[in-house]
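[1] 3D, please:
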Amino acid sequence: YNVSDTFLATAAMELSRRQVDFIQFPQAYRQFGQGDSGIAIELADYFDRHANAANRADAMLLTGTLSVISKPAVEAVGGWSSRTSTEDAELGLRLGASDYRGAYVGQVMGRGLLPLSLDALVRQRHRWAAGNMRTLVLWLADQRRPGQGAPAVPWVRKILIAA
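    As a prediction, the model looks like this:
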């Protein structure tokens, strides 16, 4: 990923202005070979529709890439976990369940590379799907522990409504 020279300053300003604990910027891509544009459009659709809807519902989740999270929030929920291959999503669930707030800023601040082959794209999507499923299973198991389930319920409703 190549980010704008103003990326960190913009993120710090948005964290302060919006009074949130994390910021998510859209992922964008810089190379478009033959056949790449459809994938880039599909990925952009997530941010154009779903991230904006989640933001309006005050239920923004992390996508990892181009996220900025306040250090106190990360530390308060136990830091980065290695329990799943989508540690960003897992952290986002823990932040939301602990009443930390995030926001989506629809300004492109960086551009990365798409997977370079169909095989690489399939592996990436498999990792995302398997990691997110594991994140959900672990989170649901955590909710079954005494004293863990009730506080997160209103926040989960926001996410489901936004989706």
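
[2] Just give me the residue closest to the centre of the chain.
    residue 62 (1.8 Å; C-alpha atoms, centre = their mean).

[3] pLDDT value on it, please?
    Note for residue 62: predicted pLDDT of 88.

[4] Residue 11 reaches residue 24, doesn't it?
    No - using C-beta atoms under 8 Å, residue 11 is not in contact with residue 24, being 9.9 Å away. In short, each C-beta sits where N, CA and C put it, glycine included.

[5] need the strands for this structure, in chain order.
    2-3, 22-24, 67-69, 102-104, 110-111 (DSSP state E).

[6] any idea of the mean pLDDT in the lengthiest helix in the chain?
    Among the segments of the chain that qualify as a helix by DSSP state H, the longest is helix 118-143. On average, the pLDDT along helix 118-143 is 86.

[7] Could you list every helix and strand in contact with it?
    helix 87-97 (3 or more C-beta pairs under 8 Å, 6 or more residues apart in numbering; DSSP states H and E).

[8] that older thread, export the strands of the chain as TSV, with columns for mean pLDDT.
    Output for these, formatted as TSV (pLDDT from 0 to 100):
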stretch	mean pLDDT
strand 2-3	95
strand 22-24	96
strand 67-69	95
strand 102-104	95
strand 110-111	93
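
[9] Of these, which stretch is the most buried?
    When you average the neighbours per residue for each of those (mean count of other C-beta atoms under 10 Å), strand 22-24 leads with a mean of 26.

[10] That one pairs with which strands, and in what direction?
    strand 67-69 (antiparallel), strand 102-104 (parallel) (DSSP bridges).

[11] correct me, but the residue nearest to the centre of the chain touches residue 21?
    No - assessed by C-beta under 8 Å, residue 62 is found out of contact with residue 21, at 10.8 Å.

[12] Now do the shared contacts for those two.
    Residues touching both residue 62 and residue 21 (C-beta atoms under 8 Å, 6 or more residues apart in numbering): 69, 95, 102.

[13] who's in contact with the first one?
    Going back to what we said before, that points to residue 69. Counted by C-beta under 8 Å, 6+ apart, residue 69 has contacts 21, 22, 23, 62, 91, 95.

[14] What of the last one?
    Under the criterion of C-beta under 8 Å, 6+ apart, the contact partners of residue 102 comprise 20, 21, 22, 23, 24, 60, 61, 62, 92, 95, 96.

[15] isn't the fourth one right next to residue 63, touching?
    No - taking contact to mean C-beta under 8 Å, the distance of 11.5 Å between residue 23 and residue 63 leaves them out of contact.

[16] Could you list the low-pLDDT ranges of the chain?
    The model of the chain has pLDDT under 70 over residues 31-36, 145-163.
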